[in-house]
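Q: Using only what follows, build the 3D model:
(2 chains)
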Protein chains: 2
Amino acid sequence: MAKMIRKNYLLAPGPTPVPIDLLLEGAKDTIHHRTPQYLEIQKIALDGAKYIFRTENPVFILSSSGTGAMEAAVANTLTPGDKAIVVVAGKFGERWMEICKAYGIEPIVVDLEWGDYVKPETIKELLEKNPDTKAVFTTLSETSTGTVHPVKEIAEVVKDTNAIIVVDAISGMLAQPLEMDNWNLDIVVTGVQKGFMMPPGIALISVSEKAWKVIEENKNHHYYFDLKAYKKKYPDSPYTPPVNLVYQLAKSVQMIEDESIENVWERHKIMADATRAAVQAMGLELFAKRPGNVLTSIKVPDGVDGGKILKYLRDEEGVTFAGGQAHLKGKIIRIAHLGYMSKYDVIVGISALEMALKKFGFNVDLGSGVKAAQEVFMKEGV
Amino acid sequence: MAKMIRKNYLLAPGPTPVPIDLLLEGAKDTIHHRTPQYLEIQKIALDGAKYIFRTENPVFILSSSGTGAMEAAVANTLTPGDKAIVVVAGKFGERWMEICKAYGIEPIVVDLEWGDYVKPETIKELLEKNPDTKAVFTTLSETSTGTVHPVKEIAEVVKDTNAIIVVDAISGMLAQPLEMDNWNLDIVVTGVQKGFMMPPGIALISVSEKAWKVIEENKNHHYYFDLKAYKKKYPDSPYTPPVNLVYQLAKSVQMIEDESIENVWERHKIMADATRAAVQAMGLELFAKRPGNVLTSIKVPDGVDGGKILKYLRDEEGVTFAGGQAHLKGKIIRIAHLGYMSKYDVIVGISALEMALKKFGFNVDLGSGVKAAQEVFMKEGV
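A: Just a heads-up that it's a prediction; the model follows:
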């Protein structure tokens, strides 16, 4: 049996494919970070990040994964004994809860079935019952399920209370509309290995005036993620920044500005529509109750081993999807349409899934999913 | 209308996609070419080239395009007044003729319809009529049409005559079986921007004992392509070699040896089978009379503007096919399945062609070509 060329098709919700122009930025000569030459580049990155966050607030660069920025959001705002509401409808809602607990806070948990989304009224009621709530922690796109929470509407509920709203937009930013200032979001965190099309290594965080008041009164113990240090040094860095990644970030934000964020949102929506149409045409069922533009999660059909199929696709076909996490392991497949992906990445992913499902015993019409995706693209005129 | 991400899908018969590991070889520090360190690398490239040519003869590296090696083959073997047979069934057969003429030789031309192939009997008859023929020039894969000439059988006819057989294997090598020594080929030329998966810039040429006798008696005027100079210096180079391209060639031949040439041939055959099945399932007609594994040429259906469709695919979709050359301009589309291409490159190309044909008014069932390609891959178990 011949062995075919195996290319790398990274269709997971982060890291996502990196354009070669961004990879080459990372290969440029490393300069010293305490120089005007470096600061000029960092300023481009910071200004671009503000454009993408839709904010006039500074955005800070953290040399960490997205989780570091989540920790910063908790550590800077909550002190043991403080009240916080945490929305948990998947692994990344859980992460807010875990970080709160690590910092000695027992949050009020909105515990939803994975795949479900929080209704703004739920938050409204909880805030009314707990007027001394310091912060509401939620997630734009819950990466473990593909569900998008109605962040804009939740923020409307939080706005006129004493609480701040903190949003994990790690996978959601750029794939999903988010407007920090217009929506009155108080803290927004993200990572660059998603819609920014970058290799991992940088997290970004921005803080509203309302949140700064909370932060300034905070007494919790922390150091590396102390946002006051970042604010003081801004637009410079308190500690050594990841220089070559910042080159890449400066390039990334320029690419996104050139394209316009509205176009970035729109193309993610078309990719998501095409993928959803494709998997449904194949006879598969969507898992998320409010699916977004980051990824499409599908239920693994009965009789098919979800783990085996993903391993086969990754190891034999070079097509990397994500599986289910925790109790969803083996039960869902997550197909990302996030970041630097073309229409043909959807077609590659769908055609690979068709062949793999057929190989593993699920009766699928080859080409049926591809056809449905093609029809969406043609209808959209793209 | 949203603008989607446009990636580069290079599905033309050269240059072909370059694996990132090969690109990175080209980015290594340029060393001096008159050093043992460099020569060690060049030897790896030369030994690997012998493996790929299937020969015990030295293979020479020319810093030129494939046409340079074709010129070397003519300039070193023919003198004005010499008799040569040239097979012309497309643009690259014509190139042999043009080079002959440039060197003052009026060849005997086997003038075939483009898309057709030469029968060994035709060569046999011509050689019997012209026993003083010095050389027979032919083409393994005629890139302009996708037709493969029966080189092995032609060589059997030439073998016991005084003539040598010269083969342009520029696009054919690695996609199409070729065995220089076993088939008694006298001069074989190729370029690296095809099956070798490299950027353009190197041509390779190898010469049999029988051909050396012809070369040593040759009186034609030439300098840069004088093969005696290359032979004298071998495995070193008479002139400055393209150092970084030679790094890439050394890596390329190692990748091919690791894979085995038999597997390279076999995977090209499967890619070709899948592409042919796909375009026929779409209701398109093959152009080549003896289609090979380098590319699939299809007739542009009536009422479709072949030029427009290719321009649209290249400029809007990032999918680069080749069109027809000379009188076939606008009349055929050439889809390469050559070099560093995966099954999903076939699927991308076919799905792009389906959408483009539909957009330009040809009634094609979306997904029908993809399905046919998928079926071939599944049947082959790859």
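
Q: Please count neighbours and contacts with C-alpha atoms only from this point.
A: Noted.

Q: Would you mind measuring from whichever residue of the stretch 51-200 of chain A sits closest to chain B to A:Q248?
A: Per Cα to the nearest Cα, A:M197 is where the stretch 51-200 of chain A lies closest to chain B, at 11.5 Å. Distance of A:M197 to A:Q248, given as Cα to Cα, to the nearest Å: 9 Å.

Q: Tell me where the stretch 1-150 of chain A has helices.
A: A:20-26, A:36-53, A:66-75, A:91-102, A:120-129 (DSSP state H, counting those that start in this stretch).

Q: For B:W265, find the nearest of these.
A: helix A:20-26 (29.6 Å; Cα to Cα).

Q: Only the C-alpha atoms, please, for that closest one, written as CSV.
A: Output in CSV follows, covering the C-alpha atoms of helix A:20-26 (Å, rounded to 0.1, in the frame of the first residue of the first chain):
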residue,chain,number,x,y,z
ILE,A,20,4.1,32.1,6.6
ASP,A,21,4.5,35.9,6.8
LEU,A,22,3.9,35.7,10.6
LEU,A,23,6.2,32.7,11.0
LEU,A,24,9.0,34.7,9.2
GLU,A,25,8.4,37.6,11.6
GLY,A,26,9.3,35.2,14.4
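
Q: Remind me what it packs against, helices and strands.
A: Applying 3 or more Cα pairs under 8 Å, 6 or more residues apart in numbering or on different chains; DSSP states H and E, one finds that helix A:20-26 contacts helix A:243-259.

Q: helices or strands up against the helix it packs on?
A: helix A:20-26, helix A:36-53.

Q: Now tabulate the ones you listed in TSV and tack on mean neighbour count and mean pLDDT.
A: As requested, the helices and strands packed on helix A:243-259 are arranged in TSV below (neighbours: other Cα atoms under 10 Å in any protein chain shown; pLDDT from 0 to 100):
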stretch	mean neighbour count	mean pLDDT
helix A:20-26	16	97
helix A:36-53	19	98
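
Q: So for B:A277, which of those sits nearest?
A: It is, among the helices and strands packed on helix A:243-259 and with distance given as Cα to Cα, helix A:20-26, at 33.1 Å.

Q: if we look at stretch A:261-274, which residues are touching it?
A: When contacts are defined by Cα atoms under 8 Å, 6 or more residues apart in numbering or on different chains, stretch A:261-274 is touched by residues A:52, A:174-177, A:256, A:292-296, A:337-339, A:343, A:346, A:372-377, A:380, B:2-4.

Q: out of the residues you listed, which are inside strands?
A: If you go by DSSP state E, the contacts of stretch A:261-274 have A:295-296 in strands.

Q: So which of the helices of the stretch 1-150 of chain A is nearest A:D111?
A: A:D111 sits nearest to helix A:91-102 of all the helices of the stretch 1-150 of chain A, at 9.2 Å, using Cα to Cα.

Q: Average pLDDT for the closest one, rounded please.
A: Helix A:91-102 carries an average pLDDT of 98.

Q: Just the buried residues of it, please?
A: A:91-100 (16 or more other Cα atoms under 10 Å in any protein chain shown).

Q: try stretch A:99-119
A: Neighbour-count burial for stretch A:99-119, with 16+ other Cα under 10 Å as criterion, is recorded at A:99-100, A:103, A:105-110, A:114-118.

Q: pull the longest helix from chain A.
A: Secondary structure of chain A per DSSP state H: the longest helix is helix A:261-281.

Q: on that earlier part again, switch the helices and strands packed on helix A:243-259 over to CSV; also include distance to B:I187.
A: Below are the helices and strands packed on helix A:243-259 laid out as CSV (distance: least, Cα to Cα, whole Å):
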stretch, distance to B:I187
helix A:20-26, 39
helix A:36-53, 55
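
Q: Among these, which comes closest to A:G303?
A: helix A:20-26 (40.2 Å).

Q: wait, isn't A:A135 in contact with A:I164?
A: Yes - using Cα atoms under 8 Å, A:A135 makes contact with A:I164 at a distance of 4.6 Å.

Q: Distance of A:I350 relative to A:G381?
A: Distance from A:I350 to A:G381, counting by Cα to Cα: 20 Å.

Q: wait, isn't A:M1 in contact with B:M378?
A: No - A:M1 lies out of contact with B:M378 (Cα under 8 Å); the separation is 11.6 Å.

Q: Looking at those two, which one has more neighbours?
A: Ranked by neighbour count (other Cα atoms under 10 Å in any protein chain shown), A:M1 and B:M378 place B:M378 first, with 14 against 9.

Q: So that one is in contact with A:M355, correct?
A: Yes - with contact defined as Cα under 8 Å, B:M378 counts as touching A:M355 (7.4 Å).

Q: returning to that earlier point: could you pull up the residues touching the residue of the stretch 51-200 of chain A closest to chain B?
A: Contacts of A:M197 (Cα under 8 Å, 6+ apart): A:16-19, A:252, A:339-340.

Q: let's see 6 Å
A: A:18, A:339-340 (Cα atoms under 6 Å, 6 or more residues apart in numbering or on different chains).

Q: Let me know the pLDDT of A:N184.
A: pLDDT for A:N184: 98.

Q: Number of residues surrounding it?
A: 19.

Q: In terms of neighbours, single out the busier of A:A135 and A:I164.
A: Using other Cα under 10 Å as the criterion, A:A135 and A:I164 rank with A:A135 on top: 28 against 25.

Q: Export the helices of the stretch 1-150 of chain A as a markdown table, with columns for distance to B:E56.
A: A markdown table is the format used below for those (distance: least, Cα to Cα, whole Å):
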| stretch | distance to B:E56 |
| --- | --- |
| helix A:20-26 | 40 |
| helix A:36-53 | 55 |
| helix A:66-75 | 57 |
| helix A:91-102 | 61 |
| helix A:120-129 | 77 |
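
Q: Pull the number of nearby residues for the nearest residue to A:S252 once chain neighbours are set aside.
A: Using Cα to Cα, 6 or more residues apart in numbering or on different chains and skipping the chain neighbours, the partner closest in space to A:S252 is A:F196 (6.1 Å). Neighbour count for A:F196, taken as other Cα under 10 Å: 28.

Q: Surely A:F196 is in a strand?
A: No - applying DSSP: H, G, I helix; E, B strand; the rest coil, one finds A:F196 to be coil, outside a strand.

Q: Contact partners for A:G283?
A: The contact partners of A:G283, taken as Cα under 6 Å, 6+ apart, number zero.

Q: State which one residue of the stretch 1-150 of chain A is found closest to chain B.
A: The nearest approach of the stretch 1-150 of chain A to chain B comes at A:I5, 4.8 Å away (Cα to the nearest Cα).

Q: ok, that residue touching B:S342?
A: Yes - taking contacts as Cα atoms under 6 Å, A:I5 lies within contact range of B:S342: 4.8 Å.

Q: So these two - more neighbours on which side?
A: Legend: neighbour count by other Cα under 10 Å for A:I5 and B:S342, higher for B:S342 (21 against 18).

Q: list the contacts for the more buried one?
A: Going by Cα under 6 Å, 6+ apart, B:S342 touches A:5-6.
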